[in-house]
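In: pasting the sequence and the predicted model now:
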Amino acid sequence: MLNYIWPILILCSFIFSIISGNIENVNNSIFDSLQEVITLSMTLVGTMCLWCGLMEIVKNTSIMSKLVQILRPVLEWLFPDSKNNEEAMENISINTISNLFGLGNASTPAGLKAMESLQKENKDKNRLSDSMMMLIVLNTVSIELIPTTVIAVRASLNAQNPADIIIPIWISTIIGTLTGIFATKILIKRSKNR
């Protein structure tokens, strides 16, 4: 759908700029925007490289296994059907830890691997299992302790204090995560009672 909406909006803006005689402003804004996009991209790439590199180092040390052990009781409560699936639990842990540090890009491979291992134990391959639904919700609304991407975007736009959004993000992600988890648990329980 967006593949149609964006080109239509761009075409309409060009037509409107020609009719109103502002085509020169459109050209200037295109080049100004390109410069901003390159600056933002370089900032985000640098930030993502740093945090993804640190995440890879943590994965290959005993720190990750300790973090997985800390998360294990919570994840066993969230994913009771999959608590014996070691591969899935490890990937869910890595996914959760990556999301805690605001590394959506670093968490994606672990989330996909977790989904694959959850699908292997899924009895009905055409429907999502309870664990798969919980993983989607947890991945979508996860708590972010360090919102690295948002901080990097704010820094690239010259915000005076790019990290001053941390406390509001903690509040909103905690509320969103708890709401998502409890709503999913309630819906799972209701579907099992049918």
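Out: Great, that's in hand.

In: what about the nearest residue to residue 130 once chain neighbours are set aside, distance to residue 128?
Out: Leaving out its chain neighbours, the residue that sits closest to residue 130 by CB to CB, 6 or more residues apart in numbering is residue 188, at 4.8 Å. C-beta coordinates here come from the backbone N, C-alpha and C atoms, glycine included. Computed as CB to CB, to the nearest Å, the residue 188 to residue 128 distance reads 11 Å.

In: for this structure, which spans come out with low pLDDT?
Out: 104-105 (pLDDT under 70).

In: mind jotting down where the strands sit in it?
Out: Here the chain has no strands by DSSP state E.

In: may I see the buried residues of stretch 95-110?
Out: 95-104, 106-107, 110 (16 or more other CB atoms under 10 Å).

In: pick out the most distant pair among those residues.
Out: Using CB to CB, the buried residues of stretch 95-110 span at most 14.7 Å, a distance reached by 102 and 110.

In: residue boundaries of the helices in the protein?
Out: With DSSP state H applied, the chain shows helices at 2-20, 23-59, 62-78, 86-100, 104-121, 130-140, 148-156, 166-193, listed in chain order.

In: helices and strands around the second one, which ones?
Out: Secondary-structure packing of helix 23-59 (3 or more CB pairs under 8 Å, 6 or more residues apart in numbering; DSSP states H and E): helix 2-20, helix 86-100, helix 104-121, helix 148-156.

In: ok, which of these comes nearest residue 141?
Out: Comparing these by CB to CB, helix 86-100 comes nearest, at 9.4 Å.

In: what residues of stretch 187-194 count as buried?
Out: residue 188.

In: output that stretch as CSV, restricted to C-alpha atoms.
Out: Below are the C-alpha coordinates for stretch 187-194, written out as CSV (Å, rounded to 0.1, in the frame of the first residue of the first chain):
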residue,chain,number,x,y,z
LEU,A,187,-5.9,-13.9,25.3
ILE,A,188,-3.9,-17.1,25.4
LYS,A,189,-5.8,-18.2,28.5
ARG,A,190,-9.2,-17.4,27.0
SER,A,191,-8.3,-19.3,23.8
LYS,A,192,-7.3,-22.4,25.8
ASN,A,193,-10.6,-22.3,27.7
ARG,A,194,-12.6,-22.5,24.5
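
In: and for that stretch, what are the contacting residues?
Out: Stretch 187-194 has contacts (CB atoms under 8 Å, 6 or more residues apart in numbering) with 130, 133, 134.

In: who wins for neighbours among those residues?
Out: Neighbour counts for those (other CB atoms under 10 Å) peak at residue 134, which has 24 neighbours.
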